[in-house]
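> just need the structure, nothing else, for what follows:
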Amino acid sequence: MHKITIIGSGLSGPLLAILLAEQGYTVDLFEKRSDPRKETLSAGRSINLALSHRGIEALKLSNVFNQIKPHLIPMNGRMIHHENGELDFQPYSINPNEYINSVSRGELNKILMTAAENTNKINIHFDHTLTEATHAEIKFYSGRTIPNQGIIFGADGAGSELRKYIDSTTDSPSRTVPLGHAYKELNIAPGDNDEFQIESNSLHIWPRGEFMLIALPNTNKSFTLTLFMPNEGEVSFASLQKESDVIDFFNTQFSDAMPLLENFPQSFFEYPTGRLATIYADNWHTENLCLIGDAAHAVVPFFGQGMNASFEDCNILMDCIKDEAGNWPKVFESYNKIRKPDADAIANMAIENYIEMRDSVAQSDYIQRKKIANTLFEKFPHRFIPRYNMVSFTSIPYSKVYERGIIQQEIISELDSNNIDFEKAERLILERLPLL
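Numbers count the residues shown, from 1 in each chain. As a prediction, the model looks like this:
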């Protein structure tokens, strides 16, 4: 069996290592950070994530899910906070067993790292920041180098040095497309009774048109909030420079959240502002090197699928390894061919979902269309599945989800929301949506 090298021990790196170890491979994992199990995760950046079906399936395949399950908080739907202070709960599915889960990135990372080490086939090398990859070698900031030979996977995130190297070998290099919007994380601490201060089994959204605030629950009864808004403009991060500006803005836009914010407004200025972009890469591999996760296809976070897509990459990759019987150039070629259309599809859907979350969810037209979609889902569950459900609660390839989602919206637009003609709906669905 080959010894395999993986660069990056964030989330997809250790998961892939575990799956490879189960097939008999030994793995060296190189991670730029110090061991997070010995340090405290810095506040203000990606503290929790949304885990759904695709990610859960990959974690089950690696036999790690049962260790992670106690750290999950179910979120059954969106709790919409309107400007007038009213609340509106929108379930994610008509099926109460379909929900997404809030999970701590730090806890998930620690569990995966420990599970990887417990295989006794995986060695994690911390404090190894990759500075450059060339045809001959992989160079680390510490001065250490390893040969660029054998099988190497790049799980080194959106700023991947390995992607830069692959770009240098192809006529079609990757593109980074900025969204023009950024994010900043804030906190709501547990209440005086050490309980949640707002409803705990929802993803809270304050939709405000061009910007929004969201909140996800943590197991310590706190909430992580994230403000998404434009970088520049009349209402933007650039316009919020003074303490008085920030206080006025939050009082006006998020009046019910304002009294609950921890260490505010100091936290607004102390926590970093993160930029948002999508990475499009056509070529994810060379003869011996292959990218997975954000290194290959980073997406904006508005469908909660960045981690789930990266975990699903590992499943697809393992299928390719089995199908191609370890012929690595064919493995990489097959994986790239299968997964690239799905990566493009979820990138598009993530951007579209930003518009839905920050604006549409508060609109009556959106609510009506959602009701029609749920009604059709109930009557034709094997043909008409709302797009959100297909993405979050099935393993239907993202590219197929995207295609079917467009058709379904066209079908809805041909129906009267006040008096659905079910004979017409059935005819359109049977004609245009193949059985799943």
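
> below-threshold pLDDT in the stretch 151-300 of the chain: ranges please.
Within the stretch 151-300 of the chain, no stretch has pLDDT under 70.

> residue 276 - nearest residue in space that isn't next to it in sequence?
residue 179 (4.2 Å; CB to CB, 6 or more residues apart in numbering). (Each C-beta comes from the backbone N, C-alpha and C, glycine too.)

> so the one you found touches residue 278, yeah?
Yes - the pair residue 179 / residue 278 is scored as a contact, 7.1 Å apart, by CB atoms under 8 Å.

> the two: which has the busier surroundings?
Neighbour count, other CB atoms under 10 Å: between residue 179 and residue 278, residue 278 has more, with 21 against 18.

> surely residue 205 forms part of a helix?
No - Residue 205 is assigned strand when assessed by DSSP: H, G, I helix; E, B strand; the rest coil, not a helix.

> ok, it to residue 69 distance?
Using CB to CB, to the nearest Å, residue 205 is found at 26 Å from residue 69.

> and the residue nearest to residue 276, that's in a strand?
Yes - per three-state DSSP, residue 179 lies within a strand segment.

> hang on, the earlier thing: who has more neighbours out of residue 205 and residue 69?
residue 205 (20 against 13).

> what's the more buried one in contact with, if anything?
78, 79, 80, 81, 212, 213, 214, 357, 361 (CB atoms under 8 Å, 6 or more residues apart in numbering).

> do you know how far the first one is from residue 174?
Going back to what we said before, that points to residue 78. Counting by CB to CB, the gap from residue 78 to residue 174 is 33 Å.

> right, and residue 424 touches residue 414 too?
Yes - under the criterion of CB under 8 Å, residue 424 makes contact with residue 414 at 7.4 Å.

> distance of the residue nearest to residue 432 when sequence neighbours are not counted from residue 91?
Spatial nearest neighbour of residue 432, excluding adjacent residues (CB to CB, 6+ apart): residue 407 at 5.2 Å. Distance of residue 407 to residue 91, given as CB to CB: 23 Å.

> can you name the next helix or strand after the longest helix along the chain?
Of all the segments of type helix in the chain, defined by DSSP state H, the longest one is helix 328-358. Sequence order places helix 364-379 as the next helix or strand after helix 328-358, per DSSP states H and E.

> residue 27 should be in a strand, yeah?
Yes - counting by three-state DSSP, residue 27 is part of a strand.

> that one against residue 21, yeah?
Yes - contact criterion CB under 8 Å: residue 27 and residue 21 qualify, at 6.1 Å.

> so between those two, which is more surrounded?
A direct count of neighbours by other CB under 10 Å for residue 27 and residue 21 places residue 27 higher, at 25 against 20.

> for the helix or strand hosting residue 123, buried residues please.
Under the criterion of DSSP H and E, residue 123 resides in strand 122-125. Neighbour counts using 16 or more other CB atoms under 10 Å place 122, 124 of strand 122-125 among the buried residues.

> do the same with stretch 426-436
428, 429, 433.

> which residues sit against it?
376, 379-380, 382-385, 396, 404, 407-408, 410-411, 414.

> nearest to residue 47 among those residues?
The closest of the contacts of stretch 426-436 to residue 47 turns out to be residue 396 (CB to CB; 29.7 Å).

> help me confirm that that closest one is found in a strand?
No - using three-state DSSP, the secondary structure at residue 396 is coil, not a strand.

> give me the element the closest residue to it other than its chain neighbours is part of.
Spatial nearest neighbour of residue 396, excluding adjacent residues (CB to CB, 6+ apart): residue 390 at 5.1 Å. Here residue 390, judged by DSSP H and E, is contained in helix 387-393.

> can I get that helix in CSV? Just the C-alpha atoms.
Taking Å, rounded to 0.1, in the frame of the first residue of the first chain, the C-alpha atoms of helix 387-393 are listed here in CSV:
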residue,chain,number,x,y,z
ARG,A,387,-34.6,22.4,-3.6
TYR,A,388,-33.6,23.1,0.0
ASN,A,389,-34.7,19.6,0.9
MET,A,390,-32.8,18.0,-1.9
VAL,A,391,-29.6,19.9,-1.0
SER,A,392,-29.8,19.4,2.8
PHE,A,393,-31.6,16.1,3.3
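
> give me the contact list for the following helix or strand past it.
Using DSSP H and E, the helix or strand that directly follows helix 387-393 along the chain is helix 398-413. The contact list for helix 398-413 (CB under 8 Å, 6+ apart) reads 305, 309, 341-346, 348-349, 369, 372-373, 376, 384-387, 390-391, 394, 396, 425, 428-429, 432-433.

> what about 6 Å?
341, 342, 345, 346, 369, 372, 387, 390, 391, 428, 432 (CB atoms under 6 Å, 6 or more residues apart in numbering).

> isn't the fourth one right next to residue 305, touching?
The one in question is residue 346. Yes - using CB atoms under 6 Å, residue 346 is in contact with residue 305, at 5.3 Å.

> next, the buried residues of stretch 151-171.
Buried, per 16+ other CB under 10 Å, within stretch 151-171: 151-158, 160-163, 165-166.

> end-to-end on that stretch?
23 Å (CA to CA, to the nearest Å).

> list of residues touching it?
Against stretch 151-171 from outside (CB under 6 Å, 6+ apart): 2, 4-8, 12-13, 130, 133, 173-174, 279, 283, 286, 288-295, 298, 328.

> from those, list the buried ones, please.
4-8, 12-13, 130, 133, 174, 279, 283, 286, 289-295, 298, 328.
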